[in-house]
Every structure is written in C-alpha cells, then in structure tokens.
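**Student:** Attaching a predicted model along with its sequence, questions to come.
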Amino acid sequence: MTNSSIKISDELLVSQMQAALQCESSEANTLFTVLYKRHEQRVRLYCYRMLSDGDLTRDIVQETFVRLYNTIAEGKAIQNVSGYIIRTARNLCFNHKRDSKHTVCVNEVEIALPVKSGFGHADHEQNELLEIIGIALDCLDDEYKEAFVLRYYSEMSYEEIGELTGTTANNAASRVFRAKEKLKNILSRYRIDIERMTDT
Amino acid sequence: MLAQLIHSFFDGTLSDAQSTALLQQVRGEREVSEEFQRQQTVHNAIEADKAGLIANSRAEDDLEAIFAKVQPQKKATIPLPILPFADAHAPETALPTASNETPRQAGFSVNLAADKPAIPQRKSRRIMPFIGRVALQAISFCVVGAVAATFGVAPLGKQSFRVGTNETLSQSHTHSSTFIDAGTTTKEITRQQDHFRATSGNGANGEVNLSSGMFGAMQPLIAFSQQETDIVIPIGVEKNERTIATEVVSGYDGELVQDCPIKGAKRPSWFLDEPTQSYATQLEVTKIPRTKAVKPLKQAFEQSLALTARVSRNIFPNGFAGSVGAVFSVSERDAVGLEIGGAFERPGFKSGNQERVEVLTPAGFVAGMYRFMMPVENTRFAGFSQIRFGVETTGAVFAGIGLGVQYGLTDKITVFASTEASRTLIPAFSGDSPFNAAHDGVSLGVAIKL
C-alpha cells in the first residue's frame, strides 16, 4: 500500500480488500485503514454534532466501521461506500436517540455554559466558545441541524444530503440556509470572541 | 435576498463573476458588509469547531479498537500435556513431590474449564412470567427423568452412568483397566491417550474412541448383543486356564463389566497396549452361538399421525371438557397437534375487585399444541410435557402448560393422562366484564396411530 491505493476509488479499494481477505492477506487491514482515514473525520464530526457526546461518538464511529468491515468480509458489494458509511452512522445515531429518549430543546439561548474539557484546548475561553457553537446547533430543529451538519461538517453535496435524508436537493439547500440564518442570529453576539479565536 | 446571495458565496455555488460583484458590494455598502461578516462568523465558528473536534478525536485508538473487534483474538487454549509412555507396572498412587510429578498428576492439573467465555447479562424483560413457565416445564422434565431412572427402567440411568464414566476418562486422559493374561487376572494401571484397544471375549474387538462419548462406548455393546458370541483364545493356552480366566472375569466387578446391558451377563475383556504386536496374529476364533436373542436397545423412530380423544375434569372453574384432535410426531421428542373441543364450565367474570361465576355454559375451542415427549426406553411408557394455545368461541384466547404420561396398549393405541393449567391471554368482553378462560384440570385420553 501504497500511495497508489490512496488515489483509487473507494469501490475499488473494497474489491481489493475482499480479494485480500479471501487470501487471508494482511493487505486487507492496510486497505481498510485507507478507507477509514478517508471517511473517519466526516463521520466523527457528524456523530459528534448530532449527539453532542464524545464517548458515544467514538462508539458509533467504531461500530460504523466494524459494520463496514464485516460487510466487506462477507463479500457483499457496496455501490457507494461513502453513502454506506454515513448512512450507517446516521442510523446508529437515530437508534441511540430513539433508545435514550433524550432531547435538547432550547429556543432562546442565553447561554450559561458548563465548561467542559472535551475539546483539548488549554484556553478555557476557547473551549467555552466551542461549547457555544455546539449548544447553538442543538437549538436547531433536528432536520435543519442534520442538513447543516451534513453540509458543513461532513462536507456533502446537497444532492447527497437529499438522498440521505429522503428529500430533494433544493429542500436540503433550503434547510441549510434556514439553519444558518438561525445560527447567525445566535452567534452574532459572540462575533468578536469567535473572530478572536479564529485569528489565534 | 442579500443573505441568500452571500450564503451562496460561502457555499461555493456562485460563479466567479457573481463573487467578484458581491465582494465589491461588500467593500462599498455597509449593510452588505455587516451581513457578510455575520455569515463569516458562522463559518469561522464552524471551522474552529471542526478543528477542535478533530484535534481531540483519537482516531488511531478507534482504528485499533475496530481491528480488535473485527479480528477477535483466538481463545488461548492450554495444550494438554503429551504424556510419556508409562510403565504398566507403575504404582497408581503418585509421588507428591512437584519435581517428580507423574503423568497422571500432570493430566489432572489441566483446567479444561478455564477459557469459558463470559455470558453476557441479559436485560430483564416483560417476558419473565413466560420464562417462569418454561422453568416450571424444565423442572417437570427433570422430575420425570429422575423417576424413570430411579425405577430402573433404566437405559436413562445407564446412559447417564456411561456419560459420567467417559467424561472422567477423557478429561483425565488416563484410565484403569483389567489386564488378563492366560488365566491370571492382574489389576494394572495403564496410561494412554485418547483411545485404547479392546479385545473382547465375545468378538467385539476393535478400537473404542473414548472421546466419542456415549455412543462410542455403546457401539461394541450393541454388537455384543446382536451378534453371535465369539471367544478369542490365544494359541497354546490350555483349556483349563481359559476356563479359569473366564470365571475370574465373571466374578470381577470392574466398571466395564458393569456396563454390560444384559442383566447377569458378564463380559470378559482383554486390553492390549500395542495393537500391532505379533501376539494379536496368533489367535484363533471359536464361535459359540447365542441361545437367546436380545431385543435391540432402541427402536427406530418413524414419523406418525395419531387421532386423539380426550376428556377433562376441570377443577377450576368447576366443569367438564372434551376434545378430539390430531397429533403429529415430528421427531422422537417433538410432536405438534391441533384440538377441537368443547367445555362445559362455569365461566368467571371479573369486574374491578369483584368476581362472579355464572351458570354452566358451553363453549367451543380450537387449540394448537406442542408436546415434548420423554420416552422411557424399552418400555411402553412415555412422559410428556405440553403447551397449548387456543381460542374459545367466546373470543377469549388462552394458553396452558401440562404434564402427563402415556402408555402404549398396542403399537397403534395409546392411552394418556395429563394435568394442565391454562390462563387467559386475551380476555373476551361480555358487556363491560372481561370473560376469564382460565382453568385447571386433569385429562384422560386415547390416541390411535394412523
């Protein structure tokens, strides 16, 4: 592996991995690592912003890729690897939300933040601002929040978002815009802090 | 409209010309500039958020965890020690010192149950009442089995004994045997792995694999009972010595002699350490016909359909019931059936805390049944346990469990008696009162095999 394997498509990687698994070759793990590194970040960001829980996010990311590995090992064909991964993660997130029955509903945010040490920043002020972003996202309706996260965190196109969420691309774009408008209003009062944070 | 345009700019969906025009507007117009900055704040926040999350992601640890999940480590197995050849005349009791540990002790020191996987704790669910009934059913199975074994009808008891014996042997990889040499009997201790060679006085000689369990041990015994008896006599052994050997064996209560399925018939056995030694070729065979045919231990099972008729005396509520049905024997242990019948009971109505009983009322029912059979080998008796699900013409759905015993009068006709307790699953409403279909009773019936 392999710079060449990094450039090839996901589907080709999967077929190569299946061939390697049949030969019980260690190359399969290498190919899977490539797949993981390609898609891990957007899955993680999506899960974190949908669930707002770091440990749970790690669990779901692991479970998502375990399922991917098992599907590949079973020899099943995956037409759209990227879509498969994000759909699996989405289903797992929804399953968890359904089972936990935990919802956050804040319409107007006058945020008194609990400062968590989840972001790894030494600067508490910066941690606080990142918490603000998370809580602002939690203030959105689920469908707007998901469209926004898929667009700007997972960097998916509107067509992909529409296909994943079962709506049209135009509808997905509309949801993203509305979510952004609401976020803009919430975050406007922290504009100076955010700009200072991004400058640093 | 302006916000939408700026949103499109940040979204990357504007053309270059449109982007240039927008940026000029941002520089020139304050309102556009403010909107632009507000949206830029959102994007900056997102980028900062993403950077913070990625920096703290521990992606490599997750990858290792994924590989650990998809490629679980193989169970660590403790290899059994390869026991050295042991002198047949070695003492049975081993020396207690660790440095001079005997193979027998080494064999016992292996803990075969060390790698049992942890059983995950299951969540308690609303199915617990049903599980309670299943547990009750399992207990009833045990009771019937114990009764059958106690009264000695016995293949159950014997097989249990054999299983215990074989497990002991296969775990320890060591067994004691009786070595008989031309009229002299000497109890020796031999140590062998996994198999021994048995040369039987009745011709059932061959390798018996200890690890094959009950059926492996049964095989030579069945052959013994179904074939004519051969006695293998070493050449050169005087007749009187052979007679002495047989008498000595007949009087010996070794474990293999006890296993003989024919009451009172002792089975002499010789065990040879080396199956390839030339001694084995110097044998001649004398055939002695058996005087009494032995019934096979077990008859072959055939699937069959039987019509049944049953009458019940219900203790609660007070009444009678009768039914006809069909029972199909799927396997030796499993049977399914369907019953159609009627009950003359005094139905109970329950409203709040008040319960009242009506006059004797007829009601029909249809019920499906699963029956778990527990045949007692070499007898015509069989215990059974059954569950029934049914619906009455009143609309009430009921389920019950029962325990019974049956006796085959002939090959075709079987009578049975059972006791059953049913409870209402879905009550039927009569006015505003639910109709209760629960009943406890005993039944007598007859089944005719087609």
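**Tutor:** That came through fine. None of these values were measured; they are calculated from a predicted model. Numbering: from 1, shown residues only, chains lettered A, B, ... in the order given.
**Student:** what are the bridge partners for residue B:388, then?
**Tutor:** Per DSSP bridges, the residues bridged to residue B:388 are residue B:369, residue B:400.
**Student:** count of neighbours near it?
**Tutor:** Look at residue B:388: counted by other C-beta atoms under 10 Å in any protein chain shown, it has 19 neighbours. Every C-beta, even on glycine, is put in place using the N, C-alpha and C of the backbone.
**Student:** That one contacts residue B:400, doesn't it?
**Tutor:** Yes - counting by C-beta atoms under 8 Å, residue B:388 does reach residue B:400; the two are 4.9 Å apart.
**Student:** anything in contact with each of the two?
**Tutor:** Shared contacts of residue B:388 and residue B:400, defined by C-beta atoms under 8 Å, 6 or more residues apart in numbering or on different chains, comprise B:420, B:422.
**Student:** how far is stretch A:16-34 from where the chain is centred?
**Tutor:** 25 Å (C-alpha atoms, centre = their mean, to the nearest Å).
**Student:** least trustworthy helix or strand in chain A by mean pLDDT?
**Tutor:** For chain A, the helix or strand with the lowest mean confidence is helix A:3-7, at a mean of 53 (criterion: mean pLDDT, DSSP states H and E).
**Student:** Could you pick out the longest helix of chain A?
**Tutor:** Secondary structure of chain A read by DSSP state H shows that its longest helix is helix A:27-51.
**Student:** packing partners for it?
**Tutor:** helix A:3-7, helix A:10-22, helix A:54-73, helix A:81-100, helix A:142-152, helix B:30-55, helix B:59-70 (3 or more C-beta pairs under 8 Å, 6 or more residues apart in numbering or on different chains; DSSP states H and E).
**Student:** List the residues that contact the nearest residue to residue A:43 once chain neighbours are set aside.
**Tutor:** Distances taken as C-beta to C-beta, 6 or more residues apart in numbering or on different chains put residue A:89 closest to residue A:43, at 4.8 Å, once the chain neighbours are dropped. Taking C-beta under 8 Å, 6+ apart, we find residue A:89 in contact with A:43, A:46, A:47, A:60, A:61, A:64.
**Student:** for chain A, which spans come out with low pLDDT?
**Tutor:** By pLDDT under 70, the low-scoring segments of chain A are A:1-6, A:25, A:101-126, A:197-200.
**Student:** Contact residues of chain B facing chain A?
**Tutor:** Residues of chain B lying close to chain A by C-beta under 8 Å from any C-beta of the partner chain are B:3-4, B:7, B:11, B:37-39, B:41-50, B:52-59, B:62-63, B:65-67, B:69-70.
**Student:** Repeat the analysis, applying 7 Å as the threshold.
**Tutor:** Within chain B, the positions near chain A by C-beta under 7 Å from any C-beta of the partner chain are B:3-4, B:7, B:38-39, B:41-42, B:44-50, B:52-59, B:62-63, B:65-67, B:69-70.
**Student:** Tell me the buried residues within these.
**Tutor:** Among those, those classed as buried by neighbour count (16 or more other C-beta atoms under 10 Å in any protein chain shown) are B:3, B:7, B:38-39, B:41-42, B:44-46, B:48-50, B:52-53, B:57, B:62-63, B:65-67, B:70.
**Student:** and residue A:12, how many neighbours?
**Tutor:** Residue A:12: 13 surrounding residues under other C-beta under 10 Å.
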